[in-house]
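**Student:** no sequence for this one, just the structure:
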């Protein structure tokens, strides 16, 4: 029995490449549509879990059936076969089996529950890749502030410096391994919310982390045993941790830098599970790259390379906006090369269900990859660019910036400046940019938006962000990022505003917390623009100042170095028009 597509939409100018189609997958009426995990069996059957604790299987012959229920917010699956499934959920890694062969699980066996719990709503457990030796991998999120209602494992309340999110019970903020005998092995620490765990084709372990305190902007890291990745709270569960010898400067020295930093806003805010395109072209011209969903309305792609023995590389927006929707934290490639996207927002925003993304085979002109050279970057495109256009230095714009490493929630961009392109050369369909200066320790934004291919196809995405940790010769900059100049202050100005542009910016940067209807997510305490307590009671200048500087006590990051003054004014104008009534 073929599954039913409720609707399908072809996009080109609505946030998705024109050669891809997004389809909504119909789910059974009796299933909660908050899909929190997705996988495929060796026979190619679709297996999903939902946030309310069910596992469902869609057999290619007989259709949907509920396999199991009663789990606690499952966020990862590993499918041996249709009667033998591993699931990671809040309390444990569980093996779920159908022993009597009636199609429903009747045996639930705990493989490991070696981490702590307090009942805090933020205690997520993520996973669940498995390597060729049978080892499972997962990650544990930190607790949020709030009352401790119970405890499994010892309690350590002492804070490490100033931490907003806590590691009160063992191994919160760690990535771990569970071996075939069920032994729990802590691997690496320093994560805030390692919401996506993935294994590369070469067997390297990667994890995403979410922006917040001590994480200026979200990241993708190459996980190695014993390494520390930035958030201090989890250090208390390390046997060699000495709380009396910790400072921000020493944490920075101890911290292993991420392979990729996702600029907050244009590249999302809460990345999920990384999945590798191994479809040999069935999914289009991105074979070998990593696709990562985001809680916001975004799916990105990543191109990694090894420089001086360490991973770094570039990230690109792939699909964004209303075309994909929110809550895209779990994804899996199907045997036919389509990409399935599980969606749940857990009440923090709007978005749930299951979508799949299909490559139509149509031509596509995009910036595919950015690679480091001795003096700049090589740009690779999905189609050969027009050599006359591609050879003009004026169509490229390069800009670099950094983020703070501090206890505050997120960070504005700091030390941001343009970088001159001094020479352009083209060869074999690649474009080489030689820059006036190339400095490690910065994120480089590279834009080439006015190109066309030799076949006349206009480029659909020409923007990428390269995380430059080290140069080809291995040179790196380990100094703590310090802002060299003050941010531009918000000035009282009455420039003409663009309400439509403000709406686009609101949906991109603000709707994840304040919701598309402006009523604000109660789960995170985001302000509502509707009702008597609305911030719209403030003056335009007051609203602009809040958007620019953020509200540290509310967890709202500053946008003054992400958006221009004109863009902030556009957002305020949109708020007035959309919600001011």
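**Tutor:** Received the coordinates, thanks. Here the structure is a predicted model, which means the values were calculated and not measured. Numbers count the residues shown, from 1 in each chain.
**Student:** Give me the buried positions along stretch 22-30.
**Tutor:** Neighbour counts over stretch 22-30 (16 or more other C-beta atoms under 10 Å) mark 22, 23, 24, 25, 27 as buried. For glycine as for every other residue, the C-beta is placed from the backbone atoms N, C-alpha and C.
**Student:** Measure how far it is from the centre of its chain, please.
**Tutor:** Taking C-alpha atoms, centre = their mean, to the nearest Å, one finds stretch 22-30 lying 24 Å from the centre of the chain it belongs to.
**Student:** and if you look at stretch 384-393?
**Tutor:** Worked out by C-alpha atoms, centre = their mean, stretch 384-393 lies 32 Å from the chain centre.
**Student:** and that stretch, what's its mean pLDDT?
**Tutor:** In this model, stretch 384-393 carries a mean pLDDT of 93.
**Student:** Buried residues in that stretch, which are they?
**Tutor:** Neighbour counts over stretch 384-393 (16+ other C-beta under 10 Å) mark 385, 386, 389, 390 as buried.
**Student:** So which of the residues you listed belong to helices?
**Tutor:** Taking DSSP state H, the ones among these that sit in helices are 389, 390.
**Student:** Please convert the buried residues of stretch 384-393 to JSON lines, extending it with distance to residue 406.
**Tutor:** Formatted as JSON lines, the buried residues of stretch 384-393 follow (distance: C-beta to C-beta, whole Å):
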{"residue": "385", "distance to residue 406": "41"}
{"residue": "386", "distance to residue 406": "45"}
{"residue": "389", "distance to residue 406": "42"}
{"residue": "390", "distance to residue 406": "41"}
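**Student:** could you point out where this protein is predicted with low confidence?
**Tutor:** 1-14, 347-349, 485-495, 508, 522-524, 552-555, 561-562, 581 (pLDDT under 70).
**Student:** show me where the stretch 451-581 of the chain has helices.
**Tutor:** For the stretch 451-581 of the chain, the helices defined by DSSP state H, counting those that start in this stretch cover 499-505, 511-514, 540-549, 565-579.
**Student:** Would you mind finding the most buried of those helices?
**Tutor:** For the helices of the stretch 451-581 of the chain, the largest average neighbour count (mean count of other C-beta atoms under 10 Å) is found in helix 511-514, namely a mean of 23.
**Student:** roughly how far is it from the heart of the chain?
**Tutor:** Centre-to-centre, helix 511-514 and its host chain are 16 Å apart (C-alpha atoms, centre = their mean).
**Student:** just stretch 201-209 next, same as before
**Tutor:** Here the centre of stretch 201-209 is set off from its chain's centre by 14 Å, with C-alpha atoms, centre = their mean.
**Student:** cool, and stretch 318-338?
**Tutor:** In this view, stretch 318-338 has its centroid 12 Å away from the chain centroid, taken as C-alpha atoms, centre = their mean.
**Student:** domain parsing for the protein?
**Tutor:** Domain assignment for the chain, taken from automatic domain parsing, gives 33-284, 367-468, 499-579.
**Student:** Turn those into TSV, columns for distance to residue 298.
**Tutor:** Below are the domains of the chain laid out as TSV (distance: least, C-beta to C-beta, whole Å):
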stretch	distance to residue 298
domain 33-284	4
domain 367-468	12
domain 499-579	9
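**Student:** To residue 291, which of the ones you listed lies closest?
**Tutor:** Closest approach to residue 291 among the domains of the chain (C-beta to C-beta): domain 33-284, 5.4 Å.
**Student:** just so I have it, where are all the strands in the stretch 151-300 of the chain?
**Tutor:** 174-178, 184-189, 196-199, 205-209, 219-222, 260-261, 271-276, 290-294, 298-307 (DSSP state E, counting those that start in this stretch).
**Student:** buried sites along the last one?
**Tutor:** Across strand 298-307, burial judged by 16+ other C-beta under 10 Å covers 298, 299, 300, 301, 302, 303, 304, 307.
**Student:** List just the nearest of those residues to residue 194.
**Tutor:** residue 302 (16.1 Å).
**Student:** Against residue 238, how distant is the closest one?
**Tutor:** 29 Å (C-beta to C-beta, to the nearest Å).
**Student:** Same check on residue 366?
**Tutor:** From residue 366 across to residue 238, the span is 43 Å (C-beta to C-beta).
**Student:** who's more crowded, these two?
**Tutor:** residue 366 (25 against 15; other C-beta atoms under 10 Å).
**Student:** Pull the contacting residues for that one.
**Tutor:** By C-beta atoms under 8 Å, 6 or more residues apart in numbering, the contact list for residue 366 reads 17, 285, 316, 381, 382, 459, 460, 461, 462.
**Student:** make it 6 Å
**Tutor:** Residue 366 is in contact with 382, 460, 461, counting by C-beta atoms under 6 Å, 6 or more residues apart in numbering.
**Student:** The first one contacts residue 286, doesn't it?
**Tutor:** No - if you go by C-beta atoms under 6 Å, residue 382 and residue 286 don't touch, sitting 7.9 Å apart.
**Student:** still on that earlier bit, take the buried residues of stretch 22-30 and lay them out in TSV including distance to residue 479 and secondary structure.
**Tutor:** Shown next, in TSV, are the buried residues of stretch 22-30 (distance: C-beta to C-beta, whole Å; DSSP: H, G, I helix; E, B strand; the rest coil):
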residue	distance to residue 479	secondary structure
22	44	strand
23	48	strand
24	49	strand
25	49	strand
27	51	coil
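**Student:** among these, which two are most distant?
**Tutor:** 22 and 27 (16.0 Å).
**Student:** And for stretch 156-165, what's in contact with it?
**Tutor:** 142, 144, 192, 213, 232, 233, 235, 236, 407.
**Student:** any idea which of those is closest to residue 66?
**Tutor:** Residue 66 has its nearest neighbour among those in residue 144, at 31.5 Å by C-beta to C-beta.
**Student:** Make sure that closest one is actually in contact with residue 122.
**Tutor:** Yes - if you go by C-beta under 6 Å, residue 144 and residue 122 touch, sitting 3.8 Å apart.
**Student:** Now list whatever residues contact both of those two.
**Tutor:** Common contact partners of residue 144 and residue 122 (C-beta under 6 Å, 6+ apart): none.
**Student:** tell me how far stretch 251-266 is from the chain's mean position?
**Tutor:** On C-alpha atoms, centre = their mean, the centre of stretch 251-266 falls 13 Å from that of its chain.
**Student:** Let me fix that, I meant to ask about stretch 313-325.
**Tutor:** Distance of stretch 313-325 from the chain centroid (C-alpha atoms, centre = their mean) equals 10 Å.
**Student:** Kindly report the same for stretch 196-207.
**Tutor:** In terms of C-alpha atoms, centre = their mean, the centre of stretch 196-207 is found 15 Å from the chain centre.
**Student:** now do stretch 127-143
**Tutor:** Put simply, stretch 127-143 sits 17 Å off its chain's centre (C-alpha atoms, centre = their mean).
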